[in-house]
Structure formats: structure tokens, C-alpha cells
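Let's see this in three dimensions:
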Amino acid sequence: MFARLEVVVIGFCTALLLVACGDARDDASQAADVAEATGAAHRTAVLRIAEQHGIAYAPLALMQIENRIEAEWYRMANATVIREAMLAGRLDVGSMGIPPYLIGRDRGLEWEVIAGVSEVPVGLVTRRPDLTRFADLTGAERIALPQPGSIQHILLAMAADHLWGDPTRFDAGLLSLSHPDGMTALLAGREVDAHFTTPPFLFAELAEPDARLLLDGREAFGGRFTFIVSVAAPAIGESGAAIARYREVLLEATTDLMNLQDELRRGARPAVLVALAAHYGLESEVLADQLMRPEVVYSTEVFGLERFEEAMRDFGYVE
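Numbers count the residues shown, from 1 in each chain. So this is what the prediction gives:
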């Protein structure tokens, strides 16, 4: 099973590396930028930090737009790209789902979880009229998600194992697409039958009149779980001061974001909302609506790591 996952990952490698990143900079150009900055970063103790797409990373976005920590920031397509950059010594801190972190540990990468970042909804969305519930899926569908081994993939495997006793039921039909590209494909009605995604893409897709939710992440997992964790590369993990500083700034940003959520629910519209909306390319009121939802939770606590590890070991995705 683990070997099969490795084959799928290798099969998608080229596509992963070609996925566009945040501000129109592809992964190859970002990797070159990071490599060029490596020497200076170590001399000046500037952290090289990677985030991904979506409001699950909002505390990191706040840290970035308000320059709360000395850092080189990179928005990357998925955890595979982040992991490879860390292995090559080109990143210090990355944020991702728990399963990619566990896969890295399984491969001998001695990185460590610094803190949790968020709990947000994760959902499998379709527009096909013949699919009204998860049990309608045959296993032949083309399902878009960030990459094999992502948290979406493992949640899909958990649900398939529960319903059919086969965690690999959908593996052959997985398409590795970034969240923006997956949403584009779903809304265009081409390439994919369903998209396993997160906010703001999940909310945007479900706003379509013919879209429906086939599977909820918590339902698949059987309870609450941390969606995103921040992970330190082995080299930076040896520096207690750097980790302590990152954790401190992340906690401050998380607290401020929780306060922002409270303000928004009271009807206020602080200036930072505009900056965050610009960061995500959203209208301020759209972002405000999404941040006010009770299921969008920012916390540095970590939930569900042991359950993910147990499932991935049972399914053969890690040893």
C-alpha cells in the first residue's frame, strides 16, 4: 500500500511542480528565489516560511501582511512541494495537514510540529446531478485534491474504508490540483467529477445552485481534527530561539484573528479585514462572512494526530 502511494506521488510529480503559486510565481521560480536567498537568510536569521492556499492559513497571512516576523514568504501549491524544499534545506517552516507531516516522518525527515494553525471545514463537492450522496460514488470518479497523501486523501480513504472496507477505492482516480485549479475544473464541468477542498473554495463551490456536499471532513474523521499544523525543518528545529519566536508570533496572530472574528460578528469592519481580503483576492464582505462562520476555528492546539497516524498505518500509507 505504501509503495502504491509512492507510485501515485511520483506519477503526479510533474503536475505538482507546474501548479501556479500565490502571486503568479510558479514553484520553480520560487525554489530559485529561495535558493538564492539561502545564504543571506542564515546570516540574518530570517526565516523562510511557506504557506498554501486558503483561509486556513489566515494567522500566517496576518503575520505576513503586518510584517510581524522577519521572513521570506512563499505560497506553494501543496505539502509535497514544501516537503521537498525542506529536504533540500531551502525552507525553515512550512504549514500543512497532519498526513503529509506523518509521511515525511515516515520517510526519515526529522521535522517537528511547532503548533496547530486552524480547524476549518473540509468537504467533497460535486455538480454531477446523479451524485447526491457519498454512497453513490462507484470508485471510478475523477476526484481533485491537493496531492496523494494530503489530508483530503486520507479523509477520503477513511470514509471509503468505513463504507466499503476499501481505503484505496478512489486512489486510481485522484487528480492532483491546487485548490484554485480544482475549483476552476469543477465549476467548468471538465476534468473532475468532484473536488475535495477547503474555504474559501469550499464555500464558493457550495454557493453554486447545482453543487452539493457529498462528504464532510469531520464525518469522515469521526470528530474534530486540526486541519493545518506548522512544521519546522530539522535544521531550524535545532534552534530553540527561532522556534520559540515563531510560536510566540503565531500565537499572537491567532489571538488577534480570533478577536477579529468576534469584532466581525458584532458588526465591526476593522481595517485589517481589507488587507486580509486583498491577500486572498476576495471582497471584504465575502471574507467577513467566511471568517464569521462558527466552523472556522483558529487555534495553536493540535487535535487528531494519533488518529491520523493509526489510520495511515492501518491503510499502509506509512510504516
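
where exactly do the strands run in the stretch 51-200 of the chain?
71-75, 93-96, 112-119, 123-126, 143-145, 174-176, 194-197 (DSSP state E, counting those that start in this stretch).

Of all those, which one comes closest to Arg293?
Arg293 lies closest to strand 112-119 among the strands of the stretch 51-200 of the chain, at 11.6 Å (C-beta to C-beta). No exception for glycine: its C-beta is placed from N, CA and C like everyone else's.

got the contact list for the closest one?
Contact with strand 112-119 is made by 56-60, 93, 95, 101, 224-232, 237, 243, 246-247, 250-251, 254, 295-303, 305, as judged by C-beta atoms under 8 Å, 6 or more residues apart in numbering.

Stretch 211-220 now?
Contacts of stretch 211-220 (C-beta under 8 Å, 6+ apart): 121-127, 131-134, 136-137, 151-152, 155-156, 158-159, 162, 186, 194, 196, 205-206, 224-225, 227.

next one: stretch 61-68
51, 69, 71, 73, 249-250, 252-253, 256-257, 272, 275-276, 279-280.

Inside helices: which ones of those residues?
Val249, Leu250, Glu252, Ala253, Asp256, Leu257, Val272, Ala275, Leu276, His279, Tyr280 (DSSP state H).

so how many other residues sit close to the third one?
If I follow you right, that is Glu252. 15 (other C-beta atoms under 10 Å).

ok so, going back, neighbour-wise, give me the winner out of the contacts of stretch 61-68.
Counting by other C-beta under 10 Å, top hit in the contacts of stretch 61-68: Glu51 with 27 neighbours.

Now do the strands in the stretch 201-319 of the chain.
212-216, 228-232, 297-298.

now, of those, which is deepest in the fold?
With neighbours defined as mean count of other C-beta atoms under 10 Å, the strands of the stretch 201-319 of the chain peak in mean count at strand 228-232, which reaches a mean of 25.

So which other helices or strands are in contact with that one?
strand 93-96, helix 98-106, strand 112-119, helix 240-265 (3 or more C-beta pairs under 8 Å, 6 or more residues apart in numbering; DSSP states H and E).

any chance of these in TSV, with mean pLDDT and distance to Ser176 too?
Compiled in TSV, those are given as follows (pLDDT from 0 to 100; distance: least, C-beta to C-beta, whole Å):
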stretch	mean pLDDT	distance to Ser176
strand 93-96	95	15
helix 98-106	95	13
strand 112-119	96	22
helix 240-265	94	28
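
on that earlier part again, closest one of the ones in helices among the contacts of stretch 61-68 to Asp181?
The nearest one, if we look at the ones in helices among the contacts of stretch 61-68 relative to Asp181 and count by C-beta to C-beta, is Tyr280, at 16.0 Å.

thinking again about what came up before, relative to Val318, which of the helices and strands packed on strand 228-232 is closest?
With C-beta to C-beta as the criterion, Val318 lies closest to helix 98-106 of those, at 4.0 Å.

Just the CA atoms of the closest one, as CSV, please.
Extracted C-alpha coordinates of helix 98-106, given in CSV (Å, rounded to 0.1, in the frame of the first residue of the first chain):
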residue,chain,number,x,y,z
ILE,A,98,-1.2,16.3,9.5
PRO,A,99,-0.9,13.4,7.0
PRO,A,100,1.8,15.0,4.9
TYR,A,101,3.7,15.7,8.1
LEU,A,102,3.4,12.0,9.0
ILE,A,103,4.5,10.8,5.6
GLY,A,104,7.7,13.0,6.0
ARG,A,105,8.4,11.5,9.4
ASP,A,106,7.9,8.0,7.9
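
residues of it that come out buried?
Ile98, Pro99, Pro100, Tyr101, Leu102, Ile103, Gly104, Arg105, Asp106 (16 or more other C-beta atoms under 10 Å).

what's the spacing between the fifth one and Leu276?
Just to be clear, that refers to Leu102. Applying C-beta to C-beta, to the nearest Å, the value for Leu102 to Leu276 is 30 Å.

for Ile154, same thing?
In terms of C-beta to C-beta, Ile154 sits 29 Å off from Leu276.
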